[in-house]
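1. Sequence first, predicted coordinates after that:
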2 protein chains.
Amino acid sequence: MSNQKSKIRVAILGYGNIGKAAEEAIKAAPDIELAGIFHHNDCLDCIDADAVLICTPTREVQKFATVLAARGICTVDSFDIHGQIWSLRSALDAVCTANQTVSIISAGWDPGSDSMVRALLMALAPKGLTYTNFGPGRSMGHTVAAKSKPGVKNALSMTIPLGTGIHRRMVYVELEEGADFKAVEAAILADDYFAHDETHVIPVESVDALNNVAHGVNLVRNGVSGETHNQRFEFNMTINNPALTGQVMVSCARAALRLKERGEYGAKTMIELAPIDLLPGTKESLVKALV
Amino acid sequence: MSNQKSKIRVAILGYGNIGKAAEEAIKAAPDIELAGIFHHNDCLDCIDADAVLICTPTREVQKFATVLAARGICTVDSFDIHGQIWSLRSALDAVCTANQTVSIISAGWDPGSDSMVRALLMALAPKGLTYTNFGPGRSMGHTVAAKSKPGVKNALSMTIPLGTGIHRRMVYVELEEGADFKAVEAAILADDYFAHDETHVIPVESVDALNNVAHGVNLVRNGVSGETHNQRFEFNMTINNPALTGQVMVSCARAALRLKERGEYGAKTMIELAPIDLLPGTKESLVKALV
């Protein structure tokens, strides 16, 4: 954690919304320099970097991370399929350990920084309920599902938090010429993505006119510390979604290099990271400023 | 992190409000058993435990932690003099490293869990301002200062958050027979503890009738992720103060043992801990439940 050493060299693989935001976060970081931007069909062997941020679609993460980790390069991804995170971690952990490197997986805001908050709140009040309320903001999965219906030219599915982890879906659809709105509405409401939530389908002239990458979270826990009930905690944020994801990935690249330097090889989720390792600066300056 | 192993044996040194709350948190923990309760004048050599929670007044922490760490026992304290934390960490780090053990210092809610939130928010939005607003709740330091004035039989100083880290002091005083309220008020307002804040002194018949260990925090950051401004984060809690402090110390005793098991010896503040190490259970179950 010395200030004397040269900058960490971090490359970006995949240059969509997240890749562009990660580039901005790298340029703003005092201790990191950009080691190149690569597209998903570029030759991975050409990447020369201390760490690579994998900003491709989530389903391609494991393939790329495996190849890079096998070369001993640290990787960071924001893999976001909650049910498959442990399996990704297990697969990458073996590759990282064998090649003395570190992969930080699911490094976004949820999964990611929200996960760290959920773990901390569980430690502060071990018994009780945590509710993670998302939005208002765009759901990628629901948007894709709505777009896939016949007669839909473009769509946007907004997630609206109703509390206690229950969400309303507001689906804005731009119809193709001559499409029947009632048929589109029925197809969306019948889709498994929407069938379990309160869903409203609204025809609009232009989905592009609604475009906004704002998102948010309201994460609430009411729990018990020792024998004391009604300990109440709340974490809120309203943020630009790709900007936060890109920033989290860059902060995690720093942590990956620190872990590697200490010989703590393997794949880790963010709840396995100490917050201090996400930050530039010396241990002394960070403890004095933040503790 | 196996479930098969025997319970962690944790002792308590000092049996005031925090010691009693820590006892409750130990009894509620599935993986920890109480290894005894000791008073500050008991023989420290008689303590047989994996970890000791030092629940004595803050100024006695270093003395006790040093003796226990020299015996290779893990310690946890909630040392709360912000300006002296790095110095305590440095002194204990040397003792812990030499004796292959771990001390977790300043493990309360501020310093402590709030510090972890402050560090995380800095990683999410590196540029910007964080404000920690305390209360409403009792300030120990201000209460002691008010009690020390001639004519004061008992006092209570409440911290009221006004936002942007500015606080009002509401000082409730129970006067001694024949004391002059105006003189008491003037003495309190002139004290350095109160001279810089908006302070109101209020005479009451019984300070005991106002007794309440409730406290709270509103921690706010508005910052920049990459090049994107106006990223807004907020952490709120309303809690029973000793119950939360005792719980945090118990969760940190678990983390201390995990670090010791991995050979990561030394003194650490909470921003140097991964949230997963605060929790009972296997890595797999915690990642699946929380990430």
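-> Perfect, thanks for sending it.

2. A:Asn154 and chain B: what is the separation?
-> 25 Å (Cβ to the nearest Cβ, to the nearest Å). No exception for glycine: its C-beta is placed from N, CA and C like everyone else's.

3. I meant A:Ile271, not that one.
-> A:Ile271 is 5 Å from chain B, by Cβ to the nearest Cβ.

4. and A:Met158, what element?
-> strand A:152-161 (DSSP states H and E).

5. avg pLDDT for that strand?
-> The average pLDDT within strand A:152-161 is 98.

6. just how off-centre is it within its chain?
-> Its chain's average C-alpha position is 20 Å from that of strand A:152-161, according to Cα atoms, centre = their mean, to the nearest Å.

7. which residues of chain A fall in strands?
-> A:8-13, A:32-38, A:51-54, A:74-77, A:102-104, A:127-134, A:137-138, A:152-161, A:167-175, A:198-203, A:214-225, A:228-240, A:266-268 (DSSP state E).

8. List the contacts of the most centrally placed residue in chain A.
-> By Cα atoms, centre = their mean, the mean C-alpha position of chain A lies nearest to A:Gly108, the distance being 2.4 Å. Residues in contact with A:Gly108 (Cβ atoms under 8 Å, 6 or more residues apart in numbering or on different chains) are A:Ser78, A:Asp80, A:Leu244, A:Thr245, A:Val248, A:Met249.

9. Among those, which ones lie close to chain B?
-> Contacts with chain B within the contacts of A:Gly108, counted by Cβ under 8 Å from any Cβ of the partner chain: A:Leu244, A:Val248.

10. quick one on the thing from earlier: partner strands of the strand holding A:Met158, with direction?
-> Strand pairing for strand A:152-161, determined by DSSP bridges: strand A:137-138 (antiparallel), strand A:167-175 (antiparallel).

11. A:Asn230 is in contact with A:Asn222, isn't it?
-> Yes. Using Cβ atoms under 8 Å, A:Asn230 is in contact with A:Asn222, at 6.6 Å.

12. Off-centre distance for the helix or strand bottoming out on mean pLDDT in chain A?
-> Least confident helix or strand, chain A: helix A:140-147 with a mean of 92, by mean pLDDT, DSSP states H and E. Centre-to-centre, helix A:140-147 and its host chain are 18 Å apart (Cα atoms, centre = their mean).

13. what packs against it?
-> The contact analysis (3 or more Cβ pairs under 8 Å, 6 or more residues apart in numbering or on different chains; DSSP states H and E) places helix A:140-147 against strand A:152-161, strand A:167-175.

14. Report the buried residues of the shortest one.
-> Along strand A:167-175, the positions that meet the burial threshold by neighbour count (16 or more other Cβ atoms under 10 Å in any protein chain shown) are A:His167, A:Arg169, A:Met170, A:Val171, A:Tyr172, A:Val173, A:Glu174, A:Leu175.

15. same thing with stretch A:96-109?
-> Of the residues in stretch A:96-109, A:Cys96, A:Thr101, A:Val102, A:Ser103, A:Ile104, A:Ile105, A:Ser106, A:Ala107, A:Gly108, A:Trp109 count as buried by neighbour count, 16+ other Cβ under 10 Å.

16. Kindly report the same for stretch A:279-291.
-> Buried-residue list, stretch A:279-291, by 16+ other Cβ under 10 Å: A:Leu279, A:Pro280, A:Gly281, A:Lys283, A:Leu286, A:Val287, A:Leu290, A:Val291.

17. which residue sits closest to A:Tyr131 in space, ignoring its chain neighbours?
-> For A:Tyr131, ignoring the flanking residues on the chain, the nearest one in space by Cβ to Cβ, 6 or more residues apart in numbering or on different chains is A:Gly165 at 4.4 Å.

18. coming back round to it: just say which of the strands of chain A is most tucked in.
-> Among these, strand A:102-104 has the highest mean neighbour count (mean count of other Cβ atoms under 10 Å in any protein chain shown), at a mean of 32.

19. Paired strands for it, with orientation please.
-> When DSSP bridges is applied, strand A:102-104 pairs with strand A:74-77 (parallel), strand A:266-268 (parallel).

20. Compute the distance from the centre of that strand to the centre of its chain.
-> Distance of strand A:102-104 from the chain centroid (Cα atoms, centre = their mean) equals 15 Å.

21. on that earlier part again, which residues touch the residue nearest to A:Tyr131?
-> A:Tyr131, A:Thr132, A:Asn133.

22. Residues of the stretch 101-250 of chain A that sit close to chain B?
-> Within reach of chain B by Cβ under 8 Å from any Cβ, the stretch 101-250 of chain A has these residues: A:106, A:109, A:111, A:113, A:115-120, A:122-127, A:224-228, A:230-240, A:243-244, A:246-248, A:250.

23. Repeat the analysis, applying 7 Å as the threshold.
-> Taking Cβ under 7 Å from any Cβ of the partner chain as the contact definition, the stretch 101-250 of chain A meets chain B at A:106, A:111, A:113, A:115-116, A:118-120, A:122-126, A:225-228, A:231-240, A:243-244, A:246-248.

24. Next one: the closest residue to A:Thr143 other than its chain neighbours from A:Ala145, what distance?
-> Leaving aside its chain neighbours, A:Thr143 sits nearest to A:Ser157 (4.6 Å; criterion: Cβ to Cβ, 6+ apart). Counting by Cβ to Cβ, to the nearest Å, the gap from A:Ser157 to A:Ala145 is 7 Å.

25. out of all of them, which helix in chain A is the longest?
-> Criterion DSSP state H: the longest helix present in chain A is helix A:241-261.

26. Flag every buried residue along it.
-> Counting neighbours by 16+ other Cβ under 10 Å, one finds that the buried residues in helix A:241-261 are A:241-260.

27. Then stretch A:174-190?
-> Judged by neighbour count (16+ other Cβ under 10 Å), stretch A:174-190 contains these buried residues: A:Glu174, A:Leu175, A:Ala179, A:Val184, A:Glu185, A:Ala187, A:Ile188.

28. for it, how far is the first residue from the last?
-> 18 Å (Cα to Cα, to the nearest Å).

29. List of residues touching it?
-> A:146, A:149, A:151-154, A:171, A:173, A:194, A:199, A:201, A:203-207 (Cβ atoms under 7 Å, 6 or more residues apart in numbering or on different chains).
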